[in-house]
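compute the structure for the input listed below.
(2 chains)
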Amino acid sequence: MDPAGIFATSFARDAALVRTRPQQIALALFLVFLLLLPVLFGPRLLAISTLILILSVVTLGLQITTGYAGQINLGQAAFMGVGAYTTGFLATKLGLPFWLTIPLGGCSAAVFGFIFGLSAVRIKGFYLALTTIAAQALFHFFVLNLPWFGGSNGLTLDPATLFGFAFVTDTSIYYLCLAVAALMTYGAYGIVRGRFGRAFVAVRDDDVAAGIMGIDIVATKATAFLVGAFYAGVGGGLWAYFVRFVAVDQFTLFNSIWFIAMIIVGGMGAITGALVGVVVIKCIQEGFVSLGPSVVSQFPSIGGDVVFALMNVFLGSVIAAFLIFEPRGLMHRFDILKRSYRMWPFPY
Amino acid sequence: MQAEAAIRARSGLKGMQPVLTADRLRMSFGGVVALNEVSIEIGRDELIAIIGPNGAGKTSLMNCMSGFYRPQEGRIVFDGEQIVGRSVHHIARSGLARTFQGTHIFPDMTVVENIMIGRHMHMRSSILQAFVHFHWAQKEEMQHREIVEEIIELLEIEAIRHQPVGALGYGLRKRVDLGRALAQEPKILLMDEPMAGMNNEEKEDLARFILDVREARGIPVVLVEHDMGVVMDLADRIYVLDFGKMIATGTPAQIQRDPLVMKAYLGEK
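Sure thing, here's the model as predicted:
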């Protein structure tokens, strides 16, 4: 709902995402903030911000597969790993530049994800979710046993280079990730507000009605997996250039569940929700990491494992708490607040 | 071919090319015979009603025609194409639209988005074009939005176009459901008990829209309905099912006098 006085005069305006002057200003300020972030923040916060950008790309993919198309995916970390390993392999063994390896990493992850999406031909719902766990196991198995990926030693990458400029510093890799994340976010908005986004939601909400609308349900589910895995692969590619080391234990089932937690917290079925979820969860995680050592030094009796243990307790409780109290996530709460602000002083 | 000609002669549609023909459908669930040698034929500009007591097989017939069920025997020819065994979305894409008993509408989407879903099969942009969302995808979106707006105008739901359908009343939901089917630009429209659970005013509105659809768009309509008043007023021709058998067909006046129909509905004397 638009605030009073805003009228769309064309269908394009009516479908626009940024609709009011304050929204334009807010978006511009946010982009300026992102551009100036390396100047404003110290190295640790900058590294966290880069990580948030990378995870945002991966979570956007999961938002499309799970939030929009309703296909629970417990293999997003594996898809990310496929992207990371493909990028690492192409960069180290074939010496391809990053602007080729990252999209190719996305494509190989997309193919991997598409295979799991195809299992939607025969199974759906809970059982499909279980087969995506197999993606984790298969990924682990293939990486350790195929000869090209360095086995358990992992792959070490050279920095990404563009026209002789190497993305070595934290600031430069931040900007690389920012550019890719911005592009992928724009693309995600494009996908979900067009015919594919509507088909995803249709398949999620009512597959009988979706079929009678001429939507091929299996193809749509497989496409959702394809797109989601592509995003994961691109995120994996960025990860490879950010850490410059790819190892199999960076992409575990545990990470997949964190991604699920991010979209639950942010709000299923909202692109902005995925971004919000990543920021919130990552900030709290980093809070634990920062606070942990000081807590341990104060109370040595509780031992050094407490940070990791607390993180797990937090993961479990945040998922449970959100599913009970705020099942549609923070974005839904924000929408309600926005609506009542615009309606004020009327209740509805 | 001969059988088809025979059915045509029986149902009084001589010379007219039917848009949908079901020929001796047979379908049973275990021991229950839902459809027994049911044949039906719908002409290019007809409003057909299918009536019958509960459990007569009306919805089974609908489900066979739209591809949800696969009859064990018999064939269905739609627009010159045999469709038994085809997938639901394939049949929908070849021009068969259907509304459901109750509503199968997407509650989280707005009215516009719901009707845009009906345009899905006519849209061509690829996932890459959607990703770029500039020029092709956006232009296509706006073209189809224009068609959707025409339907919104026809159904008089302009004021609620941006409301989520889940928040609407039942009568309006049914109207959106009809709009979504119209957006498919179907060659035939099947409606399964559109009037069930409506008050008189809502029924009158919907009846008016069904007549509008048929006159303005020339779409043949098949109506499964319990409300005899509606059926007798709207339908050109009526088929009567009882225990899976087609017991009568004819104009509303003929059906009202038919002894078999009276027996099925009122019992024997």
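
mind checking the end-to-end distance for stretch A:164-174?
18 Å (C-alpha to C-alpha, to the nearest Å).

the residue in chain A that chain B sits nearest to: neighbour count?
Nearest residue of chain A to chain B (C-beta to the nearest C-beta) works out as A:Gly190 at 2.8 Å. C-beta coordinates here come from the backbone N, C-alpha and C atoms, glycine included. Residues lying near A:Gly190 (other C-beta atoms under 10 Å in any protein chain shown) number 24.

check which residues of the strand or helix carrying it are buried.
Using DSSP states H and E, A:Gly190 maps to helix A:170-192. Within helix A:170-192, the residues scored as buried using 16 or more other C-beta atoms under 10 Å in any protein chain shown are A:172-178, A:180-181, A:184-192.

and it, average pLDDT?
What helix A:170-192 shows for mean pLDDT is 94.

could you do stretch B:92-104 as well?
90.

contact partners of it?
Here stretch B:92-104 makes contact (C-beta atoms under 8 Å, 6 or more residues apart in numbering or on different chains) with A:206, A:208-209, A:211-214, B:20, B:59, B:62, B:65-67, B:78-79, B:81, B:83, B:118, B:121, B:170, B:173-174, B:177-178, B:181-182, B:184-194, B:196-197.

quick one: B:Gln254 and B:Val261, what's the gap?
B:Gln254 sits 9 Å away from B:Val261, taking C-beta to C-beta, to the nearest Å as the criterion.

contacts only, for the residue in the stretch 1-150 of chain B that chain A sits nearest to.
Nearest residue of the stretch 1-150 of chain B to chain A, counting by C-beta to the nearest C-beta: B:His133, 2.8 Å away. Counting by C-beta under 8 Å, 6+ apart, B:His133 touches A:Tyr186, A:Gly187, A:Tyr189, A:Gly190, A:Ile191, A:Arg193, A:Gly194.

go again with 6 Å.
A:Gly190 (C-beta atoms under 6 Å, 6 or more residues apart in numbering or on different chains).

more neighbours: which of B:Gln254 and B:Val261?
Neighbour count, other C-beta under 10 Å: between B:Gln254 and B:Val261, B:Val261 has more, with 20 against 14.

domain map for chain B?
B:1-95+B:187-194+B:220-269, B:103-185 (automatic domain parsing).

show me what from the stretch 51-200 of chain B comes close to chain A.
Counting by C-beta under 6 Å from any C-beta of the partner chain, the residues of the stretch 51-200 of chain B close to chain A are B:88-89, B:92-93, B:98, B:104, B:106, B:113, B:116-117, B:120-121, B:123, B:127, B:130-131, B:133, B:137, B:142, B:145.

picking that back up, for the residue of the stretch 1-150 of chain B closest to chain A, give me the pLDDT.
Per-residue confidence (pLDDT) for B:His133: 81.

which residues in the stretch 101-250 of chain A form helices?
Assigned by DSSP state H, counting those that start in this stretch, the helices in the stretch 101-250 of chain A fall at A:126-145, A:170-192, A:195-205, A:207-212, A:217-243.

just name the most buried of the ones you listed.
With neighbours taken as mean count of other C-beta atoms under 10 Å in any protein chain shown, the helices of the stretch 101-250 of chain A reach their highest mean count in helix A:217-243, at a mean of 28.

helices or strands next to it in the packing?
helix A:43-62, helix A:76-93, helix A:98-118, helix A:170-192, helix A:195-205, helix A:207-212 (3 or more C-beta pairs under 6 Å, 6 or more residues apart in numbering or on different chains; DSSP states H and E).

now distance to A:Cys283 too, for the domains of chain B, in JSON lines please.
Shown next, in JSON lines, are the domains of chain B (distance: least, C-beta to C-beta, whole Å):
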{"stretch": "domain B:1-95+B:187-194+B:220-269", "distance to A:Cys283": "44"}
{"stretch": "domain B:103-185", "distance to A:Cys283": "29"}
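
of all those domains, which one comes closest to B:Arg214?
Across the domains of chain B, B:Arg214 has its closest neighbour in domain B:1-95+B:187-194+B:220-269 (5.6 Å, C-beta to C-beta).

for that closest one, what is the distance to the chain centroid?
11 Å (C-alpha atoms, centre = their mean, to the nearest Å).

ok, the residue nearest the centre of chain A to A:Met184 distance?
Geometric centre of chain A, nearest residue: A:Thr59, 1.3 Å, by C-alpha atoms, centre = their mean. A:Thr59 sits 11 Å away from A:Met184, going by C-beta to C-beta.

same thing with A:Ile217?
A:Ile217 is 26 Å from A:Met184, by C-beta to C-beta.

with B:Arg75 instead?
Taken as C-beta to C-beta, the span from B:Arg75 to A:Met184 is 49 Å.

likewise A:Val243?
Taking C-beta to C-beta, one finds A:Val243 at 19 Å from A:Met184.

how about low-confidence regions in the chain?
Answering for chain A, as no chain was given. Low-confidence segments of chain A, defined by pLDDT under 70, span residues A:304.

other chain: chain B
Residue ranges of chain B with pLDDT under 70: B:1-16, B:268-269.

please enumerate the helices of it.
B:2-11, B:58-66, B:88-93, B:111-119, B:127-132, B:136-154, B:170-183, B:200-217, B:228-234, B:252-257, B:259-266 (DSSP state H).

okay, those helices in JSON lines with distance to A:Val278 next?
Putting the helices of chain B into JSON lines (distance: least, C-beta to C-beta, whole Å) gives the following:
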{"stretch": "helix B:2-11", "distance to A:Val278": "62"}
{"stretch": "helix B:58-66", "distance to A:Val278": "42"}
{"stretch": "helix B:88-93", "distance to A:Val278": "35"}
{"stretch": "helix B:111-119", "distance to A:Val278": "26"}
{"stretch": "helix B:127-132", "distance to A:Val278": "20"}
{"stretch": "helix B:136-154", "distance to A:Val278": "26"}
{"stretch": "helix B:170-183", "distance to A:Val278": "35"}
{"stretch": "helix B:200-217", "distance to A:Val278": "46"}
{"stretch": "helix B:228-234", "distance to A:Val278": "54"}
{"stretch": "helix B:252-257", "distance to A:Val278": "63"}
{"stretch": "helix B:259-266", "distance to A:Val278": "63"}
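
comparing the ones you listed, which comes out most buried?
helix B:111-119 (a mean of 25).

quick one, that helix and helix B:136-154 angle?
110 degrees (axes from the mean of the first three to the mean of the last three C-alpha atoms, to 10 degrees).

quick check on B:Tyr69: phi, psi?
Dihedral pair for B:Tyr69: phi -110, psi 150, per degrees, to the nearest 10.

skip the chain neighbours and tell me the closest residue to it.
Residue nearest to B:Tyr69 in three dimensions, not counting chain neighbours: B:Asn63, with 4.2 Å by C-beta to C-beta, 6 or more residues apart in numbering or on different chains.
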